[in-house]
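Participant: One predicted model, sequence on top.
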Amino acid sequence: RQPVKVGAPVSDVTAGLLAAMGISAAYAHKLQTGEGQKVDTSLFEAAIIQTYWQSAIAFATGTTPDPMGSAHPLNAPYQAFQTKDGWINIGAANQKNWEKFIQLIDAEHLQQDPKFSANSDRMKNRLELEQQLNTILSQKNTADWLEVFEGGGLPAGPVLSITQMHQDPQTIAREMVPTVTHPVAGKVQTIGLPVKFSETPGGVKSPAPLLGQHTSEVLAELGYSESQIEAMLKAGSMSE
């Protein structure tokens, strides 16, 4: 099929994280030596490091791995499967979890099939295994399967839509959808701080600013007088 775009701008976000990590490392070096340095990364390199699985396979085999959807490159079954009302991620990534999984879904006959007995066999016949498991799992709703898997200690989780994700109890508990007051739109939700600090807790306190909203404040912090700022406003050289 045609190439499929990743849902999020992975290279852009990763490059920003790499830059932040690099700056932190360079700052630690400066604290020890007093020397500064240039920190350089790129979107291209950020994309390359996200191919760690695929590059490792290519280095080892000399061939380019094929697209696998949500499946894992080394373990099966470890992917999203269809249920009666949606999708569910299953992590039966080792032999113990595989045997537990087929017991929980009442499909012990799959273990007797030599095509699925060991992980290497399941990887060779992954598409056939996926088809059989989709048939079984599509007989119940996601919530029903989650209850079964949680009771049996099998790693599993629902595939949520964006709005379902926003409303998920864990999302709320982790303060990942705070409400802020926007000067034009009023009360709006936004994405929260994904890193939690025990001693210096942070969070999103204000929305993204309007164009030029804080220009006067920034100029004042830089030492410009009120008359200078007013003159720039009147001259149209800045917005407020």
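Facilitator: Looks like it arrived, so ask away.
Participant: Determine the longest helix present in the protein.
Facilitator: helix 10-33 (DSSP state H).
Participant: Now that helix - C-alpha only, CSV.
Facilitator: The C-alpha trace of helix 10-33 is given here as CSV (Å, rounded to 0.1, in the frame of the first residue of the first chain):
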residue,chain,number,x,y,z
VAL,A,10,7.4,12.2,15.7
SER,A,11,10.6,13.7,14.2
ASP,A,12,9.7,17.3,15.2
VAL,A,13,8.9,16.3,18.8
THR,A,14,11.8,14.0,19.2
ALA,A,15,14.2,16.6,17.8
GLY,A,16,13.0,19.0,20.5
LEU,A,17,13.5,16.5,23.2
LEU,A,18,17.0,15.7,21.9
ALA,A,19,17.8,19.4,21.9
ALA,A,20,16.6,19.8,25.5
MET,A,21,18.6,16.7,26.5
GLY,A,22,21.7,18.0,24.7
ILE,A,23,21.4,21.5,26.3
SER,A,24,21.1,19.9,29.8
ALA,A,25,24.2,17.7,29.1
ALA,A,26,26.2,20.7,27.8
TYR,A,27,25.1,22.7,30.8
ALA,A,28,26.3,20.0,33.2
HIS,A,29,29.7,20.0,31.3
LYS,A,30,29.9,23.8,31.8
LEU,A,31,29.2,23.5,35.5
GLN,A,32,32.2,21.2,35.8
THR,A,33,34.6,22.8,33.4
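Participant: buried ones in that helix?
Facilitator: For helix 10-33, burial by neighbour count (16 or more other Cβ atoms under 10 Å) applies to S11, T14, A15, L18. (Each C-beta comes from the backbone N, C-alpha and C, glycine too.)
Participant: who touches that helix?
Facilitator: Contacts with helix 10-33, where a contact means Cβ atoms under 8 Å, 6 or more residues apart in numbering, come from 35-37, 39-47, 49-50.
Participant: so which of the residues you listed is the most crowded?
Facilitator: Greatest neighbour count in these, by other Cβ atoms under 10 Å, goes to A46: 19 neighbours.
Participant: Secondary structure element holding that one?
Facilitator: helix 43-49 (DSSP states H and E).
Participant: Also P194?
Facilitator: Here P194 is assigned to no helix or strand, by DSSP H and E.
Participant: In contact with it, which residues are there?
Facilitator: Going by Cβ under 8 Å, 6+ apart, P194 touches M176.
Participant: do you know how far it is from T61?
Facilitator: 35 Å (Cβ to Cβ, to the nearest Å).
Participant: Sketch out the strands for the chain, chain order is fine.
Facilitator: For the chain, the strands defined by DSSP state E cover 78-82, 87-91, 156-158, 179-182, 186-189.
Participant: got CSV for these, with mean pLDDT and mean neighbour count too?
Facilitator: Putting those into CSV (pLDDT from 0 to 100; neighbours: other Cβ atoms under 10 Å) gives the following:
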stretch, mean pLDDT, mean neighbour count
strand 78-82, 96, 19
strand 87-91, 96, 18
strand 156-158, 96, 17
strand 179-182, 94, 13
strand 186-189, 94, 11
